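Novice: Can you look at this prediction? I've put the sequence above it.
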Amino acid sequence: MTRCNRTSPKRFTLAALSATLSNTLLATTLVAAEPAQAQERDEFSVCWSIYAGWMPWAYADVEGVVDKWAEEYGISIDVVQVNDYVESINQFTSGNVDGCAMTNMDALTIPSASGVDSTALIINDYSDGNDGIVLKGSDDLADIAGRQVNLVQFSVSHYFLARALESVGLTERDIETVNTSDADIVGLFSSDTTEAVAAWNPQLSAIAEMPDSNVVYTSAEIPGEILDMMVVNTQTLEDNPDLGHALVGAWYEVMGLIEADDENALTIMADAAGTDLEGYRAQLEATYLYTDPAEAIELMESPELLETMERVAEFSFEHGLLGDMAPNAEVVGIETPSGVFGDESNVQLRFDPSFTQAYLDAQ
């Protein structure tokens with residue numbers, strides 16, 4: 001998978017989001033006072049980028065699974081691959097597509113913090129080892145103290161690093177982060193001056209095979225925190241619920257093939273990911289896919305999800321990812337079935353299991 005594009009939008013966030021947040025929040029308040037006009041449509045588009053947990057969208061597109069479910073509801077859905085993850089979220093935030101595959105942190109810090117009311121329609125997986133911290137000369141995470149750590153700053157990797165430091169009683173004050181392009185991080189590890197990196201697959205796997213590399217911490221230690229999702233514009237979803245039903249139906253049809261270890265389907269996904277069947281299966285081993293819709297519903301309804309999002313919001317605020325004008329971590333309301341964290345009058349990120357429940361009830 002090329003998770004490289006998945007995490008880099010935080011650089012966009014720092015540059016653009018801080019400058020627009022105050023105006024966006026004001027506009028959001030004014031718009032909220034106006035009656036919403038329903039916009040029923042029959043043509044929609046969603047986008048995704050390369051990552052192990054999102055390759056099912058590639059299969060669902062090329063094999064006609066999305067088309068089949070869309071036709072069942074009398075609509076059409078264009079599934080678009082965007083090679084640059086930054087651009088995919090920008091397209092969603094600007095309203096050029098109706099849905100986009102993104103992480104929970106990115107959903108909060110980019111569209112939601114920009115005033116775009118967004119709904120997590122599907123939580124498809126969490127990173128279960130796809131992210132890792134690698135040290136030279138030590139297999140003890142505590143030895144990261146005093147070192148420079150190369151990573152994509154203000155990304156999910158940065159959040160992951162902060163959680164790792166907590167596990168050994170350290171903070172970011174105990175290390176120095178060095179912003180590094182995901183495209184450069186593998187080559188950089190071979191440099192004598194590189195002491196530690198935080199990376200994701202496939203870069204993580206490549207680094208782990210290099211001399212004097214020690215993977216000392218992975219995302220398997222924080223299960224359920226780095227979530228990968230299909231996020232849809234809330235107003236569009238409310239006006240056109242068939243979009244949600246079709247996307248969920250298509251997704252879980254493909255999940256059934258993965259659960260059955262369908263070699264043909266997995267090979268198509270592997271090809272789209274730029275690897276072979278063995279390589280893709282290895283990526284999936286570090287990806288906890290919610291192939292069972294009941295388990296995905298349980299996650300969305302759990303208090304633990306809200307606790308995770310509170311932790312993500314606090315990290316995002318502390319690193320300026322909610323904008324320079326954000327007064328606290330609660331500036332953006334986050335709603336799950338178990339409650340709301342943040343400003344209840346400014347809920348901009350919602351987790352909605354009702355479409356998955358409807359799919360499950362229909363089976």
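Specialist: Noted; the coordinates are in hand. Note that the structure is a prediction, hence the values are computed from the model and not measured.
Novice: what about the residue lying closest to residue 353 once chain neighbours are set aside, distance to residue 293?
Specialist: Nearest residue to residue 353, sequence neighbours excluded (C-beta to C-beta, 6 or more residues apart in numbering): residue 300, at 4.0 Å. C-beta coordinates here come from the backbone N, C-alpha and C atoms, glycine included. Distance, residue 300 to residue 293, by C-beta to C-beta, to the nearest Å: 10 Å.
Novice: where along the stretch 51-200 of the chain do the helices fall?
Specialist: Counting by DSSP state H, counting those that start in this stretch, the segments of the stretch 51-200 of the chain that form helices are 55-62, 65-72, 85-93, 104-107, 156-167, 185-189.
Novice: Name the next helix or strand downstream of the helix or strand containing residue 281, please.
Specialist: Using DSSP states H and E, residue 281 sits in helix 277-285. Counting by DSSP H and E, the element after helix 277-285 in chain order, helix or strand, is strand 287-289.
Novice: nearest to residue 114, of the helices of the stretch 51-200 of the chain?
Specialist: Among the helices of the stretch 51-200 of the chain, helix 85-93 comes nearest to residue 114, with 5.6 Å by C-beta to C-beta.
Novice: Off-centre distance for that closest one?
Specialist: 12 Å (C-alpha atoms, centre = their mean, to the nearest Å).
Novice: for that helix, which positions count as buried?
Specialist: 85, 86, 88, 89, 90, 91, 92, 93 (16 or more other C-beta atoms under 10 Å).
Novice: same check, this time on stretch 125-135
Specialist: 125, 126, 127, 128, 129, 130, 131, 132, 133, 134, 135.
Novice: Could you single out the nearest of those residues to residue 267?
Specialist: residue 125 (19.6 Å).
Novice: and the gap between the nearest residue to residue 234 once chain neighbours are set aside and residue 344?
Specialist: Leaving out its chain neighbours, the residue that sits closest to residue 234 by C-beta to C-beta, 6+ apart is residue 117, at 4.0 Å. Noted for residue 117: a distance of 13 Å to residue 344, by C-beta to C-beta.
Novice: I'd like to know which elements the strand of greatest length in the chain is packed against.
Specialist: Scanning the chain for the strand with the most residues, using DSSP state E, yields strand 118-127. The criterion is 3 or more C-beta pairs under 8 Å, 6 or more residues apart in numbering; DSSP states H and E, and the helices and strands that strand 118-127 contacts are helix 104-107, strand 227-233, helix 234-239, helix 241-259, strand 287-289, helix 293-301, strand 347-351.
Novice: I figured residue 72 hits residue 246, correct?
Specialist: Yes. Using C-beta atoms under 8 Å, residue 72 is in contact with residue 246, at 7.0 Å.
Novice: between those two, which one's more packed in?
Specialist: Taking other C-beta atoms under 10 Å, residue 72 and residue 246 do not tie; residue 246 has more neighbours (25 against 13).
Novice: Next, the contact list for the residue lying closest to that one once chain neighbours are set aside, please.
Specialist: Leaving aside its sequence neighbours, residue 246 sits nearest to residue 69 (C-beta to C-beta, 6+ apart; 4.3 Å). The neighbourhood of residue 69, defined by C-beta atoms under 8 Å, 6 or more residues apart in numbering, consists of 245, 246, 247, 249, 250, 253.
Novice: could you measure the third one against residue 348, distance?
Specialist: Meaning residue 247. 20 Å.
Novice: Which of these two has more residues huddled nearby?
Specialist: The neighbour count for residue 247 versus residue 348, taken as other C-beta under 10 Å, is higher for residue 247 (29 against 26).
Novice: Which element, helix or strand, includes residue 317?
Specialist: For residue 317, the enclosing helix or strand under DSSP H and E is helix 303-318.
Novice: Lowest average pLDDT across the helices of the stretch 51-200 of the chain?
Specialist: Among the helices of the stretch 51-200 of the chain, helix 85-93 carries the lowest mean pLDDT, at a mean of 88.
Novice: send the alpha carbons of it over as PDB?
Specialist: Extracted in PDB, the C-alpha atoms of helix 85-93 (Å, rounded to 0.1, in the frame of the first residue of the first chain):
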ATOM      1  CA  TYR A  85      -4.400  11.500  -0.800                       C
ATOM      2  CA  VAL A  86      -4.100  15.200  -0.100                       C
ATOM      3  CA  GLU A  87      -5.900  15.900  -3.300                       C
ATOM      4  CA  SER A  88      -8.600  13.300  -2.500                       C
ATOM      5  CA  ILE A  89      -9.500  15.000   0.800                       C
ATOM      6  CA  ASN A  90      -9.300  18.400  -0.800                       C
ATOM      7  CA  GLN A  91     -11.800  17.300  -3.400                       C
ATOM      8  CA  PHE A  92     -14.200  16.100  -0.700                       C
ATOM      9  CA  THR A  93     -13.800  19.300   1.400                       C
END
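Novice: and it with strand 227-233, angle?
Specialist: Relative orientation of helix 85-93 versus strand 227-233 (axes from the mean of the first three to the mean of the last three C-alpha atoms, to 10 degrees): 30 degrees.
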